[in-house]
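sequence unavailable; structure follows:
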Ligand code: NAI
Ligand code: MG
């Protein structure tokens with residue numbers, strides 16, 4: 001089957017890791033009977049400086065004609081985040097109602113974790129981050145701009161519908177795994193929004209009597225992600241907390257260079273988007289040393305979504321083999337291999 005994929009490499013290391021992933025997906029597809037039609041879109045900070053658009057006119061409609069979006073990262077030191085992150089990434093998640101941000105945490109064999117006593121596979125959980133509202137709702141403003149005391153208002157938005165659908169997605173995933181769901185909030189302090197979240201969690205739990213629901217406050221969760229990450233199975237959290245905690249889970253499983261993510265519209269009314277958790281990493285951009293595996297593992301999540309499960313499994317297997325052998329490790333995992341060499345090793349393992 002031919003899948004139409006929109007590709008936005010974006011800024012910094014985004015295009016570097018995305019192009020390597022495309023080579024790998026094409027190779028897996030060749031073996032497993034899947035074909036991909038990649039439409040590369042040059043939307044980036046550089047393009048913005050030339051055209052004045054982060055997304056050109058008609059851009060959203062163009063994206064909508066694709067089966068999925070494969071995304072690198074945006075963000076550049078010389079273009080405001082209000083243009084890049086707020087002009088492309090965050091509106092995409094909302095416009096295409098990609099309310100599930102799935103971020104797996106898995107400790108691969110051969111990967112050094114800062115938690116030295118953890119066995120490979122002992123850290124193995126899924127984070128379901130709410131992706132369309134919460135603390136990242138674009139509501140608020142700066143008032144008294146220019147006067148002595150600037151004032152800013154930033155409003156979090158929690159709706160019953162928004163909480164219900166992310167919680168249900170997490171419960172469904174937990175049901176297929178070890179049946180333990182941890183809901184992470186700060187509802188002791190943020191009693192309105194996250195109080196509603198807790199109420200909805202307890203209500204939805206009644207439809208999943210086979211799943212054990214645990215409530216955990218985000219500060220305690222930060223400790224437990226380090227102290228006993230093996231106790232998590234499926235985790236569900238609001239937009240901000242899910243964002244922060246998944247950088248932490250990336251580090252305890254080795255590196256943000258391995259952390260993959262999917263931004264899913266489960267109803268498939270709109271295209272879903274697949275991207276590494278990391279950003280454009282301006283500090284290492286252009287050096288050819290970025291770890292491509294976060295993007296490669298994100299492409300495997302895309303293949304799952306496109307029902308090309310055997311391609312996805314082959315890619316994960318190849319990545320696991322490269323990490324286990326440990327001969328071609330990028331700098332963030334303690335090695336000296338370049339982006340291209342790591343991708344070549346995955347291709348060879350395929
Ligand atoms: P970052 O994730 O780009 O980098 C954080 C640190 O991790 C840096 O030291 C970087 O070198 C390292 N790193 C990241 N990815 C790596 C990889 N694949 N291999 C090896 N090392 C890697 O986060 P930062 O520096 O906070 O943000 C840089 C820009 O990216 C900002 O403009 C930010 O807004 C944007 N950003 C964009 C995201 C997106 O488009 N999804 C997500 C996160 C940040
Ligand atoms: Mg983040």
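That came through fine. All values derive from a computational prediction rather than experimental measurement. Ligands and ions are numbered 1, 2, ... in the order given.

pLDDT at the residue of the stretch 51-200 of the chain found nearest ligand 1, what is it?
With C-beta to the nearest ligand atom, the shortest gap between the stretch 51-200 of the chain and ligand 1 falls at residue 75, namely 2.1 Å. Heads up, the C-betas are built off the backbone N, CA and C, glycines and all. pLDDT recorded at residue 75 is 96.

which parts of the stretch 151-300 of the chain sit against ligand 1?
In this structure, the stretch 151-300 of the chain approaches ligand 1 at residues 256-257, 275, 278-284, 290-291, 294, judged by C-beta under 6 Å from any ligand atom.

helices or strands up against the helix or strand hosting residue 215?
Using DSSP states H and E, residue 215 sits within strand 212-217. When contacts are defined as 3 or more C-beta pairs under 8 Å, 6 or more residues apart in numbering; DSSP states H and E, strand 212-217 packs onto strand 180-185, helix 193-205.

most packed of those?
Mean neighbour count (mean count of other C-beta atoms under 10 Å) peaks for strand 180-185 among these, with a mean of 24.

now the helices and strands packed on strand 212-217 in CSV, with mean pLDDT?
Shown next, in CSV, are the helices and strands packed on strand 212-217 (pLDDT from 0 to 100):
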stretch, mean pLDDT
strand 180-185, 98
helix 193-205, 98
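
the ones you listed: which one's closest to residue 323?
Closest to residue 323 of these is strand 180-185 (C-beta to C-beta; 26.5 Å).

list the helices and strands the closest one packs on?
Where contact means 3+ C-beta pairs under 8 Å, 6+ apart, strand 180-185 is packed against helix 160-175, helix 193-205, strand 212-217, helix 218-227, strand 234-237, helix 239-252.

tell me the most buried of those?
With neighbours taken as mean count of other C-beta under 10 Å, the helices and strands packed on strand 180-185 reach their highest mean count in strand 234-237, at a mean of 28.

and the closest residue in space to residue 242 that isn't next to it in sequence, helix, strand or coil?
Closest residue in space to residue 242, ignoring its immediate chain neighbours: residue 129 at 2.6 Å, by C-beta to C-beta, 6 or more residues apart in numbering. Counting by DSSP: H, G, I helix; E, B strand; the rest coil, the backbone at residue 129 sits in strand.

partners of residue 129 in the sheet?
As for beta bridges, residue 129 partners with residue 101, residue 237 under DSSP bridges.

right, and it touches residue 99 too?
No - counting by C-beta atoms under 8 Å, residue 129 stays clear of residue 99, with 9.6 Å between them.

quick check: neighbours shared by those two?
Common neighbours of residue 129 and residue 99, counting by C-beta atoms under 8 Å, 6 or more residues apart in numbering, are residue 166.

of those two, which one has the most company?
Set side by side, residue 129 and residue 99 show more neighbours around residue 129, with 27 against 24, by other C-beta atoms under 10 Å.

pLDDT score assigned to the more buried one?
On pLDDT, residue 129 comes in at 98.

list the contacts of it.
Contacts for residue 129 (C-beta under 8 Å, 6+ apart) come out as 100-103, 166, 236-239, 241-243, 246.

what do you get if the cut-off is 6 Å, keeping everything else the same?
Residues in contact with residue 129 (C-beta atoms under 6 Å, 6 or more residues apart in numbering) are 101, 237, 242.

out of the residues you listed, who's nearest residue 33?
Using C-beta to C-beta, the contacts of residue 129 come closest to residue 33 at residue 101, 29.9 Å.

neighbours of that closest one, how many?
25.

isn't it right up against residue 263?
Yes - with contact defined as C-beta atoms under 6 Å, residue 101 reaches residue 263; the gap is 5.4 Å.

what is in contact with the two at once?
residue 131.

for the strand holding residue 215, which strands pair with it and how are they oriented?
Partner strands and pairing direction for strand 212-217 (DSSP bridges) are strand 180-185 (parallel).

by how many degrees do the partner strand and helix 218-227 diverge?
130 degrees (axes from the mean of the first three to the mean of the last three C-alpha atoms, to 10 degrees).

is residue 270 in a helix, a strand, or coil?
Relying on three-state DSSP, one would call residue 270 coil.

show me the two of the residues of the stretch 151-300 of the chain next to ligand 1 that sit farthest apart.
Most distant of these, by C-beta to C-beta, are 275 and 283, 19.0 Å apart.

who has more neighbours, the two?
residue 275 (30 against 9).

measure the residue nearest to residue 242 to residue 288 for me?
As judged by C-beta to C-beta, to the nearest Å, residue 129 and residue 288 stand 31 Å apart.

mind pulling up the pLDDT for residue 112?
So, for residue 112, pLDDT stands at 86.

also residue 151?
We have a pLDDT of 84 for residue 151.

could you count how many residues lie near the closest residue to residue 334 other than its chain neighbours?
Leaving aside its sequence neighbours, residue 334 sits nearest to residue 112 (C-beta to C-beta, 6+ apart; 5.9 Å). Each residue near residue 112 was counted by other C-beta under 10 Å, and the total is 13.
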